[in-house]
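>>> Show me how the following folds:
(chains A and B)
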Amino acid sequence: MSEYETVIGLEVHAQLLTHTKAFCACPATFGAAPNTQVCPTCLGLPGALPVLSARAVEFAVRTALALGCTLQKTSRFSRKNYFYPDLPKGYQISQFDEPCSEGGALSIEVPGASGARVEKVVRITRVHMEEDAGKSSHARGEDSIVDLNRSGVALVEIVGEPELSSGAEAAEYLRSLREILIFIGINDGNLEEGSFRCDANVSIRKKGAPQLGTRVELKNINSFRFVQKAIEYEALRQQAIVEGGGRIEHETRGWDEKAGRTFSMRSKETAQDYRYFPEPDLPPLVLEDAWIEQVRQAMPELPRAKRERFVSQYEITPYAAQVLTQHPQIASFFEHCARLHGDGAKAANFVQSEILGGIVTRGLEADFPISPAQLAELLGLVDAATISGKQAKEVYALIAGTPRAPADVVRERGMAQVSDAAAIDAIVAAIVLANSRQAEALRAGKASLMGFFVGQVMKETKGSANPQMVNDAIKRALGLG
Amino acid sequence: MNLLELPVTTLAHLVQRGEVKAIEVAEACFARIDVTNDRVGAFLALSREETSLQAKSIDEKRARGEALGALAGVPVALKDSLVTRATVTTAGSKMLAGYVPPYDATVVARLRAADALLPGKTNMDEFAMGSSTETSAFGPCRNPWDLSRAPGGSSGGSAAAVAARMTPAALGSDTGGSIRQPAAFTGSVGVKPTYGRVSRFGLIAFASSLDQVGPFASDVRGAARVLEVIAGRDGRDATSLDIAPGRWERDCDRGASGLRIGVPEEYFAEGLDAEVEASVRQSIDQLQADGCVVVPVTLPHTRHAIATYYVLATAEASSNLARFDGVRFGARVEPSRDLRDLYGATRDHGFGAEVKRRILLGTFVLSAGHYEAYYLKAQKVRTLIARDFAEAFERCDAIVCPTAPTPAFLLGDKTGDPLSMYLSDVYTLPASLAGLPAMSVPCAPAKSGLPVGLQIVSRPLDEATMFALGAAVERHHAPRAAAL
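Next up is the predicted model:
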């Protein structure tokens, strides 16, 4: 066991899924041609002014409420001043000394001492609003190019306390946080496109030491797995420095996935002075109690609560509930279907075994091959013994991607099971008559011949007879059991 | 009839009735500009074609029987810090030489909608930083009353345009006195409305918490008419107040009788020119004779106004001017491929000395280790200055005092001494810091004939009292045009 412990604090920047940017009416959608979603305000043209988006405030408040933060009735925006080509005004509008919320918590599951998973509560320092910068690319030889479509897009910054102690915990924290943001509908959780970004402050100290060590900021890491690896690498790197009698440098480092190591991006020893001061173009943000209450009432169900409810309401396993709540659209699809059909467990089984594999989610969107109503109808056909479970899978394959009703497909294809007892009895009687020798042998105890008779009936009915009813009819005809 | 000698309201009335065509006004306006502007330097850019087209469309509108707007055919000069679609807008800076904005400031759009003519953009101190229009990168503007003197600043070009009757009205912007002081120096009426009355959208920012757009006019009623047009909530300026404009033109007829006017002792102290004092006191006596009650008041934190202002205004300016970096618009000097060099060279080339001085000051007062001592302390003093006024307004309805300590000074007189230049705004800064409505209206001129301005400061949003008093002062001192 190492004598050191790792201390990690995470800062997450999440783009809000508002239609417009934070301070102008430009669309905030990703992927448009460069510099087409811009106006005087987000270009920082002379004379232009910011006006705060009410929707952005609502989303930030939703985030704060989901994380149990205390909302500040009055908060304000400040200017963070620095020069960079993708920052058109020469300052970023951000909340600094009076954020809109403080003091929340995020509960995560981490491996406990015995190996079982235990709950760990990580405190959230604050959730505040700010605007995104544009995007610089340095690809064309010596020239840099700047795309300001992202300039002014609304963000929340979620600052966690330095209470995480491993890369695995950090990854778990990020997964849980991302899941919450997606479920409350404020962020699409897309790390590749940068709509969910994470900076990790990593330091080490002797176990039990009261003081935090010098921290290194890991930036621009676009997967949870890489965050975990980067932190694990960084902890070992810092440990080696300290054990070698060295000093940890206060710096920003990136992650080189190919080399599997962190690398220095810039030193923070000479701290940049951002000259924060209150943004004079925006009045203080005042949140009315009644409005906060409206946002609270309209708050979507959080993933953990949804899982617990699914287990109790639909009598599915915690594992199934976990699988079915991996995305809000999947949860909603399952629940819709479960309600229409009436048996949550059956719906859960079919969704998990047949449907999930083919679902592609894009942000908060997901495409399903069939509708909950189609699935509920299909499961109903199995319940009524019109088709078998095996046939249900075939029917699903046939209706996937179409609006067709399962019952129509079953009818067209002649798939309906023969569940008419009299019809089955008649067929069985004829077969017994035609195979009297085998019938005698079965009656005498040669149980293996049961399969022969079932096979004959299935052959006669082209496989559409209800297998259980066929079994019963054969036994009846031969006077067995 | 010299159309441009007519007051705003009279001219608009004649155009509305069809007695004068807007195109005639436009032609007279440019004719006047052509014979005077070379000597004065009031305009930096003229929009001859657009103005003539607009005049024609106003005349056609009337010919179709449609009602015309409140400023029908009235030429209104625009300070060059107001952005105008398709017309070069420089804010008096080399940084923006040749810059054509893609949009109109809200106040410009409102003037257009009221059928005003917009003949051009007026000279100003660079980015509104100055009190004489001498920091303009395009040469100084001269005072039409004496071409060797400054018209004041920073809205000197707008003031001079009105004083020389190139236009009967103009827009300026006032951060610490930039409308009122040049109005006083040029014998025109200049109004700084309550902070938040008028949209700042499209005003190139100097100090956002102080900047306010306001009118110049040849008479008080004209200023009231223009303010009624440009005031009111604008959804694109979060600091604009959701309060409808008043009926200020009507207030000009209200009379001053019964109003309590506060005379602050701090504004009649050392540094005040004897002639200015005599002229202002004469107007106060006249107001008293008209039925006003004169109340001595005290504004004890006045002496801190200059220091407070130059901390707060420069702090905001240092941030507001960061966008002039050579990356997206305006001047760009690229000595090498290094980004820092691009910034440094562009800003060194584009900004003049006074602007650089203020950016440095503002950067300093916001820096770590200085923020509390300067910026935060100045914010506290700002609150105290506002409280001074609030307490004085418990005893009076408006404050009357000099607009500037002296009449117009000679060009070059103060350019070498920034502090003496800053002192020129000593009487206008406090109302700016308190966000109060204030105006300068001409009172008796000095013996030399140079105009003297009287300042009226009223309660927040009480422009009504300010206009009533301004009109009362004006009744004793009919508007004068500078002879050129």
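>>> Just the strands from the stretch 351-484 of chain B, written as ranges.
Assigned by DSSP state E, counting those that start in this stretch, the stretch 351-484 of chain B shows strands spanning B:398-402, B:438-442, B:453-458.
>>> And these: which comes nearest chain A?
Closest to chain A of those is strand B:438-442 (C-beta to the nearest C-beta; 19.7 Å). Where you see a C-beta, it was placed from the backbone N, CA and C, and this is true even at glycine.
>>> is it possible to export the strands of the stretch 351-484 of chain B to TSV including distance to chain A?
As requested, the strands of the stretch 351-484 of chain B are arranged in TSV below (distance: least, C-beta to the nearest C-beta, whole Å):
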stretch	distance to chain A
strand B:398-402	25
strand B:438-442	20
strand B:453-458	22
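>>> looking at those strands, which is buried most?
Highest mean neighbour count of the strands of the stretch 351-484 of chain B: strand B:438-442, a mean of 32 (counted as mean count of other C-beta atoms under 10 Å in any protein chain shown).
>>> Columns distance to A:Gly185 on top of the strands of the stretch 351-484 of chain B, output as JSON lines?
Formatted as JSON lines, the strands of the stretch 351-484 of chain B follow (distance: least, C-beta to C-beta, whole Å):
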{"stretch": "strand B:398-402", "distance to A:Gly185": "54"}
{"stretch": "strand B:438-442", "distance to A:Gly185": "49"}
{"stretch": "strand B:453-458", "distance to A:Gly185": "49"}
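>>> So for B:Ser209, which of those strands sits nearest?
Ranking the strands of the stretch 351-484 of chain B by proximity to B:Ser209 (C-beta to C-beta) places strand B:438-442 first, at 16.1 Å.
>>> you'd agree B:Arg110 is up against B:Leu227?
No. Contact criterion C-beta atoms under 8 Å: B:Arg110 and B:Leu227 do not qualify, at 10.8 Å.
>>> out of those two, which sits in the busier spot?
B:Leu227 (26 against 21; other C-beta atoms under 10 Å in any protein chain shown).
>>> Which strand or helix spans the spatially closest residue to that one that is not a sequence neighbour?
Leaving out its chain neighbours, the residue that sits closest to B:Leu227 by C-beta to C-beta, 6 or more residues apart in numbering or on different chains is B:Pro215, at 5.3 Å. Element membership of B:Pro215, judged by DSSP states H and E, is strand B:212-217.
>>> thinking again about what came up before, B:Pro430 is nearest to which of the strands of the stretch 351-484 of chain B?
Here strand B:453-458 is closest among the strands of the stretch 351-484 of chain B (C-beta to C-beta), at 8.0 Å.
>>> Centre of the chain to that closest one, how far?
Relative to its chain's centre, strand B:453-458 lies at 14 Å (C-alpha atoms, centre = their mean, to the nearest Å).
>>> any idea of the mean pLDDT in it?
For strand B:453-458, the mean per-residue pLDDT is 98.
>>> so what strands line up beside that strand?
strand B:398-402 (antiparallel), strand B:438-442 (antiparallel) (DSSP bridges).
>>> A:Ala32 is in contact with A:Asp147, isn't it?
No. Judged on C-beta under 8 Å, A:Ala32 makes no contact with A:Asp147 at a distance of 9.3 Å.
>>> pretty sure B:Ile284 is in contact with B:Pro296, am I right?
No. Contact between B:Ile284 and B:Pro296 fails when scored by C-beta under 8 Å: they sit 11.1 Å apart.
>>> of those two, who's got more company?
B:Ile284 (19 against 11).
>>> hmm, back to that, will you turn the strands paired with strand B:453-458 into CSV that also has mean pLDDT and distance to A:Cys198?
Shown next, in CSV, are the strands paired with strand B:453-458 (pLDDT from 0 to 100; distance: least, C-beta to C-beta, whole Å):
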stretch, mean pLDDT, distance to A:Cys198
strand B:398-402, 98, 56
strand B:438-442, 98, 52
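>>> Now for A:Val286, how many residues are close by?
For A:Val286, using other C-beta under 10 Å, the count is 11.
>>> coming back round to it: so what sits against both of B:Ile284 and B:Pro296?
Counting by C-beta atoms under 8 Å, 6 or more residues apart in numbering or on different chains, the contacts common to B:Ile284 and B:Pro296 are B:Val263.
>>> Please compute how far stretch B:130-138 lies from its chain's middle.
The answer for stretch B:130-138 is 14 Å, by C-alpha atoms, centre = their mean.
>>> A:Ala171 contacts A:Phe224, correct?
Yes. Counting by C-beta under 8 Å, A:Phe224 is a contact partner of A:Ala171 at 4.5 Å.
>>> where do the helices sit along the stretch 301-450 of chain A?
Taking DSSP state H, counting those that start in this stretch, the helices of the stretch 301-450 of chain A run over residues A:303-314, A:318-324, A:328-341, A:344-350, A:372-383, A:389-399, A:406-412, A:421-434, A:436-443, A:449-460.
>>> Chain B: which of those helices is closest?
That would be helix A:328-341 among these, by C-beta to the nearest C-beta, at 33.5 Å.
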